[in-house]
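**Q** Sequence plus the predicted model coming up.
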Amino acid sequence: MNKILVFIISFSAFQPFLFSQVPDAGSVPDEEAVKDCFWSKVLNTPKEKRLSVGLALSGGGAKGFAHVGVIDVLSDSGFPIDYISGTSMGSVVGGLYAAGYGVDKLWGFGRNIEKLKISRDFSKINVISLVIREKLIDPINIRKFIDESFGDKNFEELKIPFSCAAMDIKTGEKIVFSRGPVSIAIKASVNLPGIFKPIEYKHRYLVDGGVVDFLPVDSLKEMGAGWVLASVAESASRDMPDNILTTLMQVIDIRGGLLAQKSKDESDFIIYPEVSDIKVMEFDKCVYAGEEAMKETYGKMGAIKEKYMIDNLRSFPEGI
């Protein structure tokens, strides 16, 4: 649908509102004025009377910190986020934002990643233990960070409805968390299979959800989202993995990305931050990933708004 048609539909559907916003009612507002007025109308409309927006955040290891940049731009532009669902790193970023952590706080986590000692869970000593002693790693620093960030908070207490995905390693079943304690759910969603000890919870043995639900679009629709915006941290770094950890993480990442095609097809708009040059374990590049995502999202913001407005007009032809 071209811009002229957008203008005509918008103008005819919202003529009373538009003229009330334009000083000279005898003149026809230009296309940008129509869009701005309609966008203002959308932002002030309860989600029950517009398409509710779900934000899907993919996995991706360190690349997944790109989601912070996406959220930063969406928040700055006032774009509505009514539901969030994430997998692996997407569950961490999405969960923190849903819990009420501001964008500045999210950036702070990326800048202080070394102080959080998360990379130590992937140290060479742990790799040696994994290979020689055949003992799965206990990621104490990652789990400590999650426990301290969410405490005993339940999903029902979050400021934005949120869900995240994990997999039962015994059955291969996808497990979607949207009720109960948040901390255990996110620890399960980031729990790398074959590397970290499975999370035992309610007779299940849970590992990273990226294997079965790399991009959780279905979960958002089950939660009630009528329009899905997806942030996908693309898999497959251009460099070859150089050890067992990076190899396994990249295999999981690539497989998850391939299985996510259906979810991509069912998304209404997809943002692909250019972070493919970041390895899945390069946590020192988290801020860089977020900054690259900001650039991409700023460049797409006009198109995102336009697509959302058009889809609202189709869904609510009588006007919102």
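**A** On my side now, so go ahead. Numbering: from 1, shown residues only.
**Q** For the closest residue to Val211 other than its chain neighbours, give me its contacts.
**A** Counting by CB to CB, 6 or more residues apart in numbering, the nearest residue to Val211 once its immediate chain neighbours are dropped is Met167, at 5.4 Å. (Glycine included, C-beta is placed from N, CA and C.) The neighbours of Met167, taking CB atoms under 8 Å, 6 or more residues apart in numbering as the test, are Glu173, Lys174, Ile175, Pro193, Leu206, Val207, Asp208, Gly209, Val211, Val212, Asp213.
**Q** Take those residues and write them to CSV, including pLDDT.
**A** Converted to CSV, the contacts of Met167 look like this (pLDDT from 0 to 100):
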residue, pLDDT
Glu173, 95
Lys174, 95
Ile175, 96
Pro193, 85
Leu206, 96
Val207, 94
Asp208, 92
Gly209, 89
Val211, 84
Val212, 90
Asp213, 93
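**Q** Please list only the buried members of those residues.
**A** The neighbour-count criterion (16 or more other CB atoms under 10 Å) marks Lys174, Ile175, Pro193, Leu206, Val207, Asp208, Gly209, Val211, Val212, Asp213 among those as buried.
**Q** So which of the residues you listed are in strands?
**A** Lys174, Ile175, Leu206, Val207, Asp208 (DSSP state E).
**Q** ok, of these, which one's closest to Phe316?
**A** Lys174 (33.0 Å; CB to CB).
**Q** ok, now how distant is the closest residue to the closest one other than its chain neighbours from Val42?
**A** Nearest residue to Lys174 in three dimensions, chain neighbours excluded: Val212, at 4.3 Å (CB to CB, 6+ apart). According to CB to CB, to the nearest Å, Val212 and Val42 sit 34 Å apart.
**Q** and what of Ile199?
**A** 40 Å.
**Q** quick revisit: can you lay out the contacts of Met167 as CSV showing distance to Asp72?
**A** Below are the contacts of Met167 laid out as CSV (distance: CB to CB, whole Å):
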residue, distance to Asp72
Glu173, 34
Lys174, 29
Ile175, 30
Pro193, 31
Leu206, 30
Val207, 30
Asp208, 25
Gly209, 24
Val211, 29
Val212, 29
Asp213, 25
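**Q** quick check, nearest of those to Gly151?
**A** Leu206 (19.9 Å).
**Q** List the beta-bridge partners for that closest one.
**A** On the basis of DSSP bridges, Leu206 is bridged to Asp168, Ile199.
**Q** wait, isn't it in contact with Lys170?
**A** No - Leu206 is beyond contact range of Lys170, at 9.6 Å (criterion: CB atoms under 8 Å).
**Q** which of the buried ones among the contacts of Met167 lies closest to Met249?
**A** Nearest member of the buried ones among the contacts of Met167 to Met249, counting by CB to CB, is Asp208, at 9.2 Å.
**Q** so that closest one makes contact with Gly90?
**A** No - using CB under 8 Å, Asp208 is not in contact with Gly90, being 11.0 Å away.
**Q** can you list residues touching both of those two?
**A** Counting by CB under 8 Å, 6+ apart, the shared contacts of Asp208 and Gly90 are Gly59.
**Q** okay, which residue is most central for this structure?
**A** With distances taken as CA atoms, centre = their mean, Leu57 lies nearest the centre of the chain, 2.1 Å away.
**Q** need the contact list for it.
**A** By CB under 8 Å, 6+ apart, the neighbours of Leu57 are 64, 67, 84-87, 89-91, 93-94, 216, 231.
**Q** Got phi/psi on it?
**A** For Leu57, the backbone dihedrals (degrees, to the nearest 10) come out as phi -120, psi 120.
**Q** List the beta-bridge partners for it.
**A** The partner residues for Leu57, given DSSP bridges, come to Gly86, Ser231.
**Q** Pull up the gap between it and Ser85, please.
**A** 7 Å.
**Q** Now for those two: what residues contact both?
**A** With CB under 8 Å, 6+ apart, Leu57 and Ser85 have common neighbours Gly94, Pro216.
**Q** Who are the contact partners of Asp82?
**A** Asp82 is in contact with Lys47, Ser52, Val53, Gly54, Ile160, Pro161, Gly224, Ala225, counting by CB under 8 Å, 6+ apart.
**Q** cool, and Gly60?
**A** Ala66, Ser88, Met89, Gly90, Ala233, Glu234, Ser235, Asp253, Val275, Val280.
**Q** okay, those residues in CSV with distance to Met301, secondary structure and neighbour count next?
**A** What follows is the contacts of Gly60, written out as CSV (distance: CB to CB, whole Å; DSSP: H, G, I helix; E, B strand; the rest coil; neighbours: other CB atoms under 10 Å):
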residue, distance to Met301, secondary structure, neighbour count
Ala66, 16, helix, 35
Ser88, 26, coil, 33
Met89, 23, helix, 28
Gly90, 20, helix, 34
Ala233, 19, coil, 32
Glu234, 20, coil, 17
Ser235, 25, coil, 25
Asp253, 27, helix, 28
Val275, 18, coil, 26
Val280, 28, coil, 27
